[in-house]
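K.L.:
pasting a predicted model and its sequence here:
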Amino acid sequence: MRRLLPDNTRPIRAMCIDVVRPYAGFLKEVALESLWPTRCAVCDAPGELLCTRCAAALPAVDRWRACPLCGAPLGAVQCSECNDVMLAALGREALPFDGCANAVGFNDDTGRIVKTWKDGGERRLVEVMAARMALVAEPSWVAEGPTVTPVPATEAALRRRGFDHGWELARTVAQALDLPLAQLLNRPRASDQRKLGKQERASNIAGRFAARPGMLMPRSALLVDDVCTTGATLFSACDALRAAGVEHIFALTFARVQ
């Protein structure tokens, strides 16, 4: 029988692994960057997730011209989106939240950022979006120390994308604002809303959110979502939080359809 010689290289291999391990993440990033260079989500120029030129061109919502209640970009003096007539059309007497802010208006460029993040595999864009959102969060909201919570994604969206985009955005916003984070709501049972109109969205999502059983609800919450299209989803999620006992609710989104 052939006698096996002792493997004297094992200590050397172990030492090499110990030396390389701290740099493994860096080496992985270098390899990935060589194969798939970082490109601007808007103009596709290489080098940055969002180049300086495209970042400057995003349609930022002017907080001084926006409605302080519903966040409508041009509603500071007289809001056309949360007046009595509009609320009555939705079957409401008042807004379900205490304030809403949006980082940018929704257009082709901001839509491409959201789509590239959610469906294009560039999950690092969440940092770009959260940074913009943190800038427009009202200081008075943050001073209350609200618990950041996402509008939860549907099970279908989770299966389609392979990750929970709502939780990822809320987590990054919470880190940026140094606020607590919790998943306060269950996933909705509503069907896909992307092709529905305002009234259809409201009917589809109404009553579909509920607080997670056994969750200790905070006194105040900061509800986070990527896009506000008609407000139906935010309204329904806020209704559920209010019904669960949350006293102060603020809403914060990356982009708002104008």
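P.N.:
Structure received.
K.L.:
residues in contact with the closest residue to Ala94 other than its chain neighbours?
P.N.:
Distance criterion CB to CB, 6 or more residues apart in numbering; nearest residue to Ala94, sequence neighbours excluded, is Leu87 at 6.9 Å. Bear in mind the C-beta positions are built from the backbone N, C-alpha and C, glycine included. Residues in contact with Leu87 (CB atoms under 8 Å, 6 or more residues apart in numbering) are Glu93, Ala94, Leu95.
K.L.:
if you rank those by neighbours, which is first?
P.N.:
When neighbours are counted by other CB atoms under 10 Å, Leu95 leads the contacts of Leu87 with 22 neighbours.
K.L.:
leaving out chain neighbours, which residue sits closest to Gly71?
P.N.:
Nearest-residue entry for Gly71: Cys100, 3.6 Å, with adjacent residues in sequence omitted and distances by CB to CB, 6+ apart.
K.L.:
name the SS class of the one you found, please.
P.N.:
Following DSSP: H, G, I helix; E, B strand; the rest coil, Cys100 is assigned to strand.
K.L.:
gap between it and Phe106?
P.N.:
Look at Cys100 and Phe106: by CB to CB, to the nearest Å, they are 14 Å apart.
K.L.:
more neighbours: the two, which one.
P.N.:
Between Cys100 and Phe106, Cys100 has the larger neighbour count (other CB under 10 Å), namely 27 against 19.
K.L.:
and that one, what does it touch?
P.N.:
For Cys100, the contacting residues are Leu69, Cys70, Gly71, Cys228, Leu234, Phe250, Ala251, Leu252, Thr253, taking CB under 8 Å, 6+ apart as the criterion.
K.L.:
for Asp119, give its distance to Phe163.
P.N.:
Note on Asp119: its distance to Phe163, by CB to CB, is 11 Å.
K.L.:
repeat for Thr116
P.N.:
In this structure, Thr116 and Phe163 are 14 Å apart, going by CB to CB.
K.L.:
wasn't the residue nearest to Ala94 part of a helix?
P.N.:
Yes. The assignment for Leu87 (three-state DSSP) places it in a helix.
K.L.:
filter the contacts of Cys100 down to the buried ones, ChimeraX style.
P.N.:
What follows is the ChimeraX syntax for the buried subset of these, where burial is set by 16 or more other CB atoms under 10 Å:
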select :69,70,71,228,234,250,251,252,253
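K.L.:
nearest to Thr154 among the contacts of Cys100?
P.N.:
Nearest to Thr154 among the contacts of Cys100 is Leu234, at 15.3 Å by CB to CB.
K.L.:
look up the closest residue to the closest one, ignoring the ones flanking it.
P.N.:
By the measure of CB to CB, 6+ apart, the closest residue to Leu234 outside its immediate chain neighbours is Ala251, 5.1 Å from it.
K.L.:
ok, Ala243 next?
P.N.:
Here the nearest residue to Ala243 in space, its sequence neighbours aside, is Ala211; by CB to CB, 6+ apart that works out to 7.3 Å.
K.L.:
my guess is that neighbour contacts Ala240. True?
P.N.:
Yes. The criterion here is CB atoms under 8 Å, and Ala211 meets it with Ala240 at 5.9 Å.
K.L.:
before we move on, back to that, ok, the residue nearest to Ala243 to Ala251 distance?
P.N.:
To Ala251, Ala211 is 17 Å away according to CB to CB.
K.L.:
same check on Lys118?
P.N.:
From Lys118 over to Ala251 the distance is 19 Å, taken as CB to CB.
K.L.:
what bridges to the residue nearest to Ala243?
P.N.:
Counting by DSSP bridges, Ala211 forms beta bridges with Leu185.
K.L.:
surely His165 touches Asp119?
P.N.:
No. Because the distance of 9.3 Å does not satisfy CB under 8 Å, His165 is recorded as not touching Asp119.
K.L.:
show me the shaky parts of this protein.
P.N.:
1-21, 23-36, 190-207 (pLDDT under 70).
K.L.:
hey, where'd the strands end up in it?
P.N.:
Along the chain, the segments classed as strands by DSSP state E run 99-105, 147-150, 220-228, 248-256.
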